[in-house]
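Engineer: My questions concern the predicted model and sequence given below.
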Amino acid sequence: MKKLYTLFALLLFANLIIAQELTATQNFPSNVYPGKDFTIEVTVNKAGLTGFMKFAQELPEGYVASVIESKGGSFTYADNAAKIVWINPPSEAVFTISYKVTVPTNATGSVNLTGKISYILNNERKVCDLEKKYFVVGNNGVATPDKIQVAASTPTTTTTPPAVIAETKKEPIPEVKKEPVPEVKKEPIAETKKESTPVVIPPTVVAKTPTAATATPTGKIYKVQIGAYSAKPKLEGVPNMSTFVLDNGITKYFSGSFTNYDDAVKHKATMLERGFAGAFIVAFENGRIVK
């Protein structure tokens, strides 16, 4: 009988230890904006723990953090890491800490945030890792009625990128200079033919122009818009990327090019998984955006 009681006590003690495992969840907006502030909240269930605890979370370079609620802990922010240390944790079994984050004015893209809470349980150091979540700086191409209206109504005279236009204008110039051949005096007829067609694009330019201007296919194609920026962003992991420049200087960035709408839907799901929140499908017809 004594052995039975001893076994029961050990099982009860083991259950108490398991019940004391700390858990925590974090919460913050899915969209933030350059130069603006947002709040990160972390809710902690300390499950009866009474000893040393430390919260730590790293932020991207250039971000600034300041405390809002530390629940009696000591808050510091250094080397891009926000930390709160408790010698004795709050008395509440469940409590929420929070701090303010200022986004740099030049920030872009999506940011993954994790963190951890270290604590002591039965003289052993334990770590609770926060579930990874991400936020997107700016709208990052999220469709709004205003944006769709502007994209549909903006007239486009040419979809050839500026770099290709500059190349087309520069290449005929050296060829015009190289053609004052002595044949001008001997064969005036040949000279007349050459001067009557000075704007003929050399074969090498014709070969380059359709290759670079992939945004002007005939018929309807579908692309996945991943963002719209006034400055050139740092984008990684974007397959078959192309751009479309609006008259107001905003550049739209797309991924993929499909004649089948279902293929575009699958590609959109892939880009959402890669962190491009709000990615959506845009239809092009004869090189222009259509509704």
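Structural biologist: Received, thanks.
Engineer: Am I right that His267 is in a helix?
Structural biologist: Yes - assessed with DSSP: H, G, I helix; E, B strand; the rest coil, His267 lies in a helix.
Engineer: For it, give me its contacts.
Structural biologist: Contact analysis of His267 by CB atoms under 8 Å, 6 or more residues apart in numbering lists 224, 255-256, 258. Every C-beta, even on glycine, is put in place using the N, C-alpha and C of the backbone.
Engineer: Pull up the gap between it and Val32, please.
Structural biologist: From His267 over to Val32 the distance is 26 Å, taken as CB to CB, to the nearest Å.
Engineer: Let me know the pLDDT of Ser248.
Structural biologist: Actually, residue 248 is Asn rather than Ser. As predicted, Asn248 sits at a pLDDT of 87.
Engineer: number of nearby residues for the closest residue to Thr96 other than its chain neighbours?
Structural biologist: Counting by CB to CB, 6 or more residues apart in numbering, Thr96 lies nearest to Thr43, which is 4.7 Å off, once chain neighbours are set aside. Residues lying near Thr43 (other CB atoms under 10 Å) number 14.
Engineer: Adjust the sequence numbering to begin at 2 for everything that follows.
Structural biologist: Got it, the first residue is 2 from now on, which makes the last one we talked about Thr44.
Engineer: mind listing the helices for the stretch 2-151 of the chain?
Structural biologist: 3-20, 146-154 (DSSP state H, counting those that start in this stretch).
Engineer: Where among those helices is average confidence lowest?
Structural biologist: Of all the helices of the stretch 2-151 of the chain, helix 146-154 carries the lowest average pLDDT, namely a mean of 36.
Engineer: quick one: low-confidence parts of the stretch 52-201 of the chain?
Structural biologist: By pLDDT under 70, the weakly predicted segments of the stretch 52-201 of the chain are 140-201.
Engineer: circling back to that earlier point, so can I have CSV of the contacts of His268 showing secondary structure?
Structural biologist: Formatted as CSV, those follow (three-state DSSP):
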residue, secondary structure
Val225, strand
Ser256, strand
Gly257, strand
Phe259, strand
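Engineer: And those, which of them are buried?
Structural biologist: Among those, those buried by neighbour count (16 or more other CB atoms under 10 Å) are 225, 256-257, 259.
Engineer: Looking at these, which is nearest Met242?
Structural biologist: Ser256 (5.6 Å; CB to CB).
Engineer: So that closest one versus Asn32, what's the distance?
Structural biologist: Distance from Ser256 to Asn32, counting by CB to CB: 20 Å.
Engineer: swap in Thr260?
Structural biologist: For Thr260 relative to Asn32 (CB to CB), the value is 32 Å.
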